[in-house]
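1. here are the coordinates; sequence isn't available:
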């Protein structure tokens, strides 16, 4: 069996919410909560990958393992790629091992979600896996911040979009219909990840601002797994207020 490494990209200078990984959520920082949840999974190791010494030093206060990465990465995938390249060079991992890219702004991440991704790699042909959740179509269709995905009969992703997909031509047909919402946690084999970060941006990716479309356009198959967990991500200070209300 391959080794499974969970990496949590943690960028300090978020455009919509600077310093987001360090915000306090009922006595613990967001990055600490994500780290502790990931540690409860079946991953062999959990690493925080950051561009900030503030986050690096903070991780040490709660026993978290963190490493510094470049401040020039455009995505969490690229940040994971830097860490993986270093680990591979140091012979701490092998090309068939698996990296789980854990979103650093989801403090309610469930360990079983990581485990679901891990279980997919019993099939040696699997290269990339992500999570999807069944939701009511009309609840998400009009929200471009919720990414929708259509899959084939083997749950391989056909397309991701911020637009409502599929489009229901007959009015009213969508009212009781379910669709798939994308949960943005990925797992990839090491050798696949290192290839992904070398790919050139593509037209569809630029149009939708979704990096996974780059992979699809370059011919990679993305396997999906279903989850029933409703993840709550924190993108803005307003989202943090909602989280605080949950704890209260």
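-> On my side now, so go ahead. In this text, all values refer to a predicted model and were calculated from it rather than measured experimentally.
2. which regions of this protein sit below the pLDDT cut-off?
-> The chain contains residues with pLDDT under 70 at 15-16, 171, 175, 244-248.
3. now for the helix of greatest length in it, which elements pack on it?
-> The longest helix of the chain (DSSP state H) is helix 76-89. Secondary structure elements in contact with helix 76-89, counted by 3 or more C-beta pairs under 8 Å, 6 or more residues apart in numbering; DSSP states H and E, are strand 4-10, strand 45-50, strand 98-101, helix 190-196. C-betas here are computed from N, CA, C, even on glycine.
4. Buried residues, that helix. List them.
-> 76, 77, 78, 79, 80, 81, 82, 83, 84, 87, 88 (16 or more other C-beta atoms under 10 Å).
5. Was I right to think the first one contacts residue 48?
-> No. Taking contacts as C-beta atoms under 8 Å, residue 76 lies outside contact range of residue 48: 11.7 Å.
6. okay, and the common contacts of those two?
-> residue 104 (C-beta atoms under 8 Å, 6 or more residues apart in numbering).
7. Point to the residue nearest the middle of this protein.
-> Most central in the chain under C-alpha atoms, centre = their mean is residue 185, positioned 2.6 Å from the mean C-alpha point.
8. Against residue 105, how distant is it?
-> To residue 105, residue 185 is 11 Å away according to C-beta to C-beta, to the nearest Å.
9. which strands and helices sit next to the strand or helix carrying residue 134?
-> For residue 134, the host element (DSSP states H and E) is strand 128-136. Helices and strands touching strand 128-136, by 3+ C-beta pairs under 8 Å, 6+ apart, are helix 111-120, strand 178-189, strand 223-226.
10. 10 Å - rerun?
-> strand 98-101, helix 111-120, strand 148-151, strand 157-161, strand 178-189, helix 190-196, helix 212-217, strand 223-226 (3 or more C-beta pairs under 10 Å, 6 or more residues apart in numbering; DSSP states H and E).
11. would you list those in CSV and tack on distance to residue 18?
-> As requested, those are arranged in CSV below (distance: least, C-beta to C-beta, whole Å):
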stretch, distance to residue 18
strand 98-101, 22
helix 111-120, 27
strand 148-151, 29
strand 157-161, 27
strand 178-189, 21
helix 190-196, 28
helix 212-217, 26
strand 223-226, 32
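12. Can you tell me which of these is most buried?
-> Among those, ranked by average contacts under mean count of other C-beta atoms under 10 Å, first place goes to strand 98-101 (a mean of 26).
13. any idea of the angle the longest helix of the chain forms with strand 4-10?
-> Interaxial angle of helix 76-89 relative to strand 4-10 (axes from the mean of the first three to the mean of the last three C-alpha atoms, to 10 degrees): 130 degrees.
14. angle of helix 76-89 against strand 45-50?
-> 120 degrees.
15. All further residue positions should be reported with the first residue as 17.
-> All right, first residue 17 from here; so that's helix 92-105.
16. Could you find the closest non-adjacent residue to residue 237?
-> Leaving aside its sequence neighbours, residue 237 sits nearest to residue 172 (C-beta to C-beta, 6 or more residues apart in numbering; 5.5 Å).
17. residues touching that neighbour, list them.
-> Contact analysis of residue 172 by C-beta atoms under 10 Å, 6 or more residues apart in numbering lists 144, 232, 237, 238, 239, 240.
18. let's go with 7 Å and repeat that
-> With contact taken as C-beta atoms under 7 Å, 6 or more residues apart in numbering, residue 172 is in contact with 237, 238, 239.
19. same check, this time on residue 152
-> Residue 152 touches residue 194, counting by C-beta under 7 Å, 6+ apart.
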